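**Q** Task: produce atomic coordinates for the following.
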Amino acid sequence: MPESHYFTSAPTGPLKMRAVRVRAAGVVLSMASGAGTFSRDGLDAGTKLLLETFLSRAPSGPQCWLDLGCGWGAVGCVLGCARPDCRILACDINRRAARLAAGNARDNEVALHAWCGDGAGALRAAVCDAVLCNPPVRAGNPTIAKLFDDSFRILKPGGTLWVVLRTAQGAKSWATKLETQFGSCRTVSIENGFRILVATR
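**A** Below you'll find the predicted structure:
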């Protein structure tokens with residue numbers, strides 16, 4: 001099965017759920033992942049860096065944040081635990097992943113609204129203060145570009161898109177494209193081959 005198999009609306013094969021422990025930004029959660037979802041063995045290093053970098057710099061006060069391509073919900077659940085004052089949204093094209101995200105939020109008593117959707121098309125324009133995304137690189141550049149286009153549309157003026165990408169998988173090129181699209185894109189962290197990009201609407 002190709003490595004991009006998790007980026008599909010209906011993954012095949014049995015779910016084969018497994019228990020995972022998520023530790024990030026001072027939050028520890030017991031969660032469930034499953035076959036046909038991204039990083040089913042636990043929180044991957046790039047996503048952890050994205051989460052911790054974002055939360056260390058996030059503004060105070062109520063915000064609306066979207067976990068775009070949420071997988072089984074690690075980012076959204078950690079955000080919800082760390083910042084219960086914020087409205088947390090999460091979506092994924094993968095129905096199995098979106099169901100797991102909703103279940104993990106419920107089991108951890110996190111106020112998270114998760115749904116299955118192709119990008120953020122279900123949201124109206126200018127509704128989010130921040131979008132966090134670990135894009136599915138192996139799904140191809142057009143897929144990544146659509147996620148970034150959706151982010152641009154749903155962000156409020158001054159809102160930010162936070163992206164984690166490997167330097168070896170085109171992070172510098174995407175930073176240039178985001179600079180052109182958004183008008184501003186900074187690299188705020190580089191660690192273990194990953195770059196955290198922040199594009200401001």
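**Q** Can you spell out which helices and strands pack onto the longest strand seen in the chain?
**A** Under DSSP state E, the strand in the chain containing the largest number of residues is strand 155-166. Packing contacts for strand 155-166, counted by 3 or more C-beta pairs under 8 Å, 6 or more residues apart in numbering; DSSP states H and E, involve helix 45-57, strand 128-133, helix 141-154, helix 171-182, strand 194-200. Where C-beta positions appear, they are placed from N, C-alpha and C, glycine not excepted.
**Q** With just CA atoms, put the shortest one into CSV.
**A** In other words, strand 128-133. Output of strand 128-133 as CSV, limited to C-alpha atoms (Å, rounded to 0.1, in the frame of the first residue of the first chain):
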residue,chain,number,x,y,z
CYS,A,128,-10.1,31.4,11.9
ASP,A,129,-7.3,33.2,13.8
ALA,A,130,-4.8,30.4,13.1
VAL,A,131,-4.5,27.2,11.0
LEU,A,132,-2.0,24.5,11.8
CYS,A,133,-1.0,22.0,9.1
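**Q** Give the partner strands of it in its sheet and their orientations.
**A** strand 64-68 (parallel), strand 155-166 (parallel) (DSSP bridges).
**Q** Between helix 141-154 and it, find me the angle.
**A** Calculated by axes from the mean of the first three to the mean of the last three C-alpha atoms, to 10 degrees, strand 128-133 forms an angle of 160 degrees with helix 141-154.
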